[in-house]
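# Okay, here's the prediction I keep looking at, along with the sequence it came from:
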Amino acid sequence: MNSAHTRKLLVWSTALLWCASCAMQRAPEGGPTDARPPRLDSTAYSTPDRSVNFRYDELILTFDEWVKLNDPAGQIVVSPLMKKQPEVKIRHRSVVVRFQEPLRPDLTYTVDFGKAVQDITQGNAVENLRRVFTPGPKLDSASVEGTVADAAGGELPDNLLALLYEGSSARSVRDTVPLYLAKVDKQGTFRLQNLRADTFRLVVLLDQNLNYRYDLANERVAFLDTALVLGRRTPPQRLRLFGSEQLLAFVSATAPRFGLIVLQLNQSTDQLPALLSDPPGAILHRSVGSDKALLWYRDTLDSVRIMMPGLDTLSVSLPARREWLQSNPQLRPGDPAAPEPSAPKGGRGATPDKPAAPAAAALPKADLLPGEPMLCRFNHPLQGVDTAKMRLAADSIGPSPPTFRAGIDSLGQLRLEVPWPAPGKYRLLLLPGAVSDIFGLFNADTLRQDIAVLDSAALGVAEVRLTGLDSTRLYFVELLDAQKKPLRRLELPLGKTAVWRAEGLKPATYFYRLVRDDNHNGRWDTGDYDLGRQPEALYLSNGLNVRKGFEAILDFQLEGGKPAGRGANN
């Protein structure tokens, strides 16, 4: 190969490498972190914002650096809604929105990019990126904004949409797709802009099947009582999101281990209707918490059929009893729904006469109010107790051992009722064989429960002062624990103000829930879209910290139907 030919090859190789390096876009290495999001390139073409007489099939935004798209389907919202969703892609340094159908000349369009456009180096997103345009000669200028809150006082779900349906008919929300739409942010606020001045139905929807209709029983909705007439100064709207009341039904059933069936329900409930089983009597014990129910059985079965008469039925395959016995199961304190580890000893072979272990296993400490029963939960429902193998005594020199009555509550827990002689520390010992479960298992080792009975000086007081009530309406107020479970309840007399003082509370965080009981049935009722019924008004306070020996006071003021004010610890 001659030298001239070699030089030509080197020149061509160098050129090809240079072209390849230009074509491959990659993040630069080294240097300070890039924290600046992309910006529109003022020297290159981008579709102008608020364009009129827009007759193109593409919207183009060109940036000063290479960009990428992050979750365009979830972030980018095009309104009015189009039958065929536009195609969004990257072309060099530009984001191109290509429309798949002709634009209507009588409408103004908005493309909101959310946080879809990011740089390719650090993922810095362009904020507040949107384009407004119309094929016609004039932009529409009507708008509406508002807020939505969870009617039951909970957290708002993600992916809520604010939707405007043409016309005044409430059925349009069921039968048609909306004209305009916008995303609801995490704070529950929404804004629809550049709208046609006309009459619409406004709803906020958790659209489970993504068809922009309120057509599923498990979809949640918020709506206005009347049609909305849009103008240049439409007042802000406030809506409350709710799920329609549904008949209790099974979602699924699993048998994670022998003896236990976990039912997933379609809604939270405190009570489970009577259940039937096939074979009859297979279910020995049941408990319900939130949207799950635990069913317990002990017969060797391949499957069982569970029936909620008049509501639902399902079948579930059951695991082999032999494998469960080979894992050497034990009765021990703990959550019945938690996975059950294998035990090195004990199980069915354990007997009530087994000697105690050298060191008693400690259970979680229990802080009790005077007169409060002591509860101890086990990994299986209990069936028997032997008080002769229980020892309850003061933890130090003091009162003589208190008398007690032991039993099993409806959840299969050990329940001790004790007339505590005085505040102080106590200790309960459960000797081997003190408790037995539905499978005939006994506690194989000695269990120790430390108990602190609190005196009045260790407790706190919570007081709520309610003002601004509608004196023609009935209300009730509930004191909730940190998990929002009701502890105490008070029916309020008619009037504009009320005060409720709750004494003898353990130091902790509490909440108040106020319900306007419109139908006087003593509970909070959700709404019904087809009947045009809004959910009953419910107000949830901020957390109130109750401290030892102090009073915590919450001023709960209703202004225009909405609670205002702050809780203060005094």
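Arrived safely. Please read all numbers here as calculations on a predicted model, not as lab measurements.
# pLDDT-wise, which helix or strand of this protein ranks last?
strand 567-569 (a mean of 35; mean pLDDT, DSSP states H and E).
# just the helices in this structure please.
3-23, 72-75, 172-175, 321-326 (DSSP state H).
# Could I get the full set of strands for the stretch 251-400 of the chain?
260-265, 276-278, 285-289, 292-296, 303-308, 312-317, 361-362, 366-368, 374-376, 382-385, 390-394 (DSSP state E, counting those that start in this stretch).
# If you count contacts, what does the third one end up packed against?
Judged by 3 or more CB pairs under 8 Å, 6 or more residues apart in numbering; DSSP states H and E, strand 285-289 is in contact with strand 292-296. From N, CA and C alone the C-beta is placed, and that goes for glycine too.
# just for the stretch 151-300 of the chain, where's the confidence low?
Along the stretch 151-300 of the chain, the model assigns pLDDT under 70 to no residue.
# same check, this time on the chain
In the chain, residues with pLDDT under 70: 1-32, 341-361, 396-399, 560-570.
# got the contact list for the most centrally placed residue in it?
Centroid-nearest residue in the chain: residue 155, 6.2 Å away (criterion: CA atoms, centre = their mean). Contacts for residue 155 (CB atoms under 8 Å, 6 or more residues apart in numbering) come out as none.
# Please name the nearest non-neighbouring residue to residue 215.
residue 174 (6.2 Å; CB to CB, 6 or more residues apart in numbering).
# sorry, that was for residue 472
Spatial nearest neighbour of residue 472, chain neighbours left out: residue 494 (7.4 Å); criterion: CB to CB, 6+ apart.
# how far away is the closest residue to residue 175 other than its chain neighbours from residue 178?
Leaving aside its sequence neighbours, residue 175 sits nearest to residue 213 (CB to CB, 6+ apart; 7.3 Å). Using CB to CB, to the nearest Å, residue 213 is found at 9 Å from residue 178.
# Looking at these two now, which is surrounded by more residues?
Per other CB atoms under 10 Å, whichever of residue 213 and residue 178 has more neighbours is residue 178, with 23 against 19.
# what are the bridge partners for the nearest residue to the more buried one once chain neighbours are set aside, then?
Closest residue in space to residue 178, ignoring its immediate chain neighbours: residue 163 at 3.9 Å, by CB to CB, 6+ apart. Under DSSP bridges, the beta-bridge partners of residue 163 are residue 181, residue 203.
# Can I get stretch 490-498 as CSV, trimmed to CA atoms?
The C-alpha coordinates for stretch 490-498 follow below in CSV (Å, rounded to 0.1, in the frame of the first residue of the first chain):
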residue,chain,number,x,y,z
LEU,A,490,-70.2,13.5,71.2
GLU,A,491,-73.6,14.4,69.7
LEU,A,492,-73.8,18.2,69.7
PRO,A,493,-76.9,20.1,70.7
LEU,A,494,-78.4,22.6,68.3
GLY,A,495,-76.5,25.9,68.4
LYS,A,496,-73.8,28.0,66.8
THR,A,497,-71.1,27.1,69.3
ALA,A,498,-70.0,24.0,71.4
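# contact partners of that stretch?
With contact meaning CB under 8 Å, 6+ apart, stretch 490-498 is reached by 465-478, 500, 522.
# Number of residues surrounding the closest residue to residue 100 other than its chain neighbours?
Excluding the flanking residues, the one nearest residue 100 by CB to CB, 6+ apart is residue 84, at 3.8 Å. Using other CB under 10 Å, residue 84 is surrounded by 8 other residues.
# And residue 556, by the same measure?
With other CB under 10 Å as criterion, residue 556 counts 23.
# Would you enumerate the residues in contact with the nearest residue to residue 431 once chain neighbours are set aside?
Distance criterion CB to CB, 6+ apart; nearest residue to residue 431, sequence neighbours excluded, is residue 389 at 4.1 Å. Applying CB under 8 Å, 6+ apart to residue 389 gives the contacts 352, 430-434.
# so who does the residue lying closest to residue 449 once chain neighbours are set aside touch?
Leaving aside its sequence neighbours, residue 449 sits nearest to residue 428 (CB to CB, 6+ apart; 4.1 Å). Shown in contact with residue 428 (CB under 8 Å, 6+ apart): 374, 390-392, 416, 448-449, 451.
# who's in contact with residue 419?
Counted by CB under 8 Å, 6+ apart, residue 419 has contacts 371, 402-403.
# what about 7 Å?
Counting by CB atoms under 7 Å, 6 or more residues apart in numbering, residue 419 makes contact with 402-403.
# separation between it and residue 371?
8 Å.
# for residue 499, same thing?
25 Å.
# Is there a neighbour count for the closest residue in space to residue 196 that isn't next to it in sequence? I'd like the number.
In space, residue 196 comes closest to residue 140 once its chain neighbours are excluded; the distance is 5.0 Å by CB to CB, 6+ apart. Residues lying near residue 140 (other CB under 10 Å) number 20.
# same thing with the one 10 residues further on?
The burial count assigned to residue 150 is 19, neighbours taken as other CB under 10 Å.
# Tell me if I'm right that it and residue 156 touch.
Yes: using CB atoms under 7 Å, residue 150 makes contact with residue 156 at a distance of 5.5 Å.
# between those two, what contacts are shared?
With CB under 7 Å, 6+ apart as the test, residue 150 and residue 156 both reach residue 241.
# Just want to check the distance between the residue nearest to residue 288 when sequence neighbours are not counted and residue 281.
Using CB to CB, 6+ apart and skipping residues adjacent in sequence, the residue nearest residue 288 is residue 272, 4.5 Å away. Residue 272 sits 17 Å away from residue 281, going by CB to CB.
# Give me the more crowded residue out of those two.
Using other CB under 10 Å, the more surrounded residue of residue 272 and residue 281 is residue 272, with 15 against 10.
# could you list every residue that touches that one?
So residue 272 contacts 286, 288, 293 (CB under 7 Å, 6+ apart).
# what's the closest of those to residue 511?
residue 288 (22.7 Å; CB to CB).
# how many other residues sit next to the closest one?
Neighbour tally, residue 288, other CB under 10 Å: 17.
# Number the residues from 50 up from this point.
All set: I'll call the first residue 50, so the last point we hit is now residue 337.
# wait, it sits on residue 318?
Yes: if you go by CB under 7 Å, residue 337 and residue 318 touch, sitting 6.3 Å apart.
# picking up where we left off before, can I get the strands of the stretch 300-449 of the chain in TSV including distance to residue 493?
TSV is the format used below for these (distance: least, CB to CB, whole Å):
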stretch	distance to residue 493
strand 309-314	20
strand 325-327	31
strand 334-338	21
strand 341-345	20
strand 352-357	29
strand 361-366	30
strand 410-411	10
strand 415-417	22
strand 423-425	16
strand 431-434	15
strand 439-443	16
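# wait, which of those strands is closest to residue 600?
Residue 600 lies closest to strand 415-417 among the strands of the stretch 300-449 of the chain, at 20.0 Å (CB to CB).
# Tell me the helices and strands packed up against the closest one.
strand 496-502 (3 or more CB pairs under 7 Å, 6 or more residues apart in numbering; DSSP states H and E).
# Who are the packing partners of the strand it packs on?
For strand 496-502, the packing partners by 3+ CB pairs under 7 Å, 6+ apart are strand 410-411, strand 415-417, strand 473-479.
# buried residues in the second one?
In this case it means strand 415-417. 415, 417 (16 or more other CB atoms under 10 Å).
# How far off centre is that strand?
Remark: strand 415-417 is offset 29 Å from the chain centroid, using CA atoms, centre = their mean, to the nearest Å.
# Can you give the strand pairings for that strand, parallel or anti for each?
strand 496-502 (parallel).
# so how far is the partner strand off the chain centroid?
34 Å.
# Buried ones in it, by neighbour count?
496, 498, 500, 502.
# Run through the residues that contact the closest residue to residue 595 other than its chain neighbours.
Sequence neighbours aside, residue 509 is the residue nearest to residue 595 in space, at 3.9 Å (criterion: CB to CB, 6+ apart). Contacts here follow CB under 7 Å, 6+ apart; on that basis residue 509 touches 554, 556, 595-599, 601.
# Kind regards, and thank you for your time.
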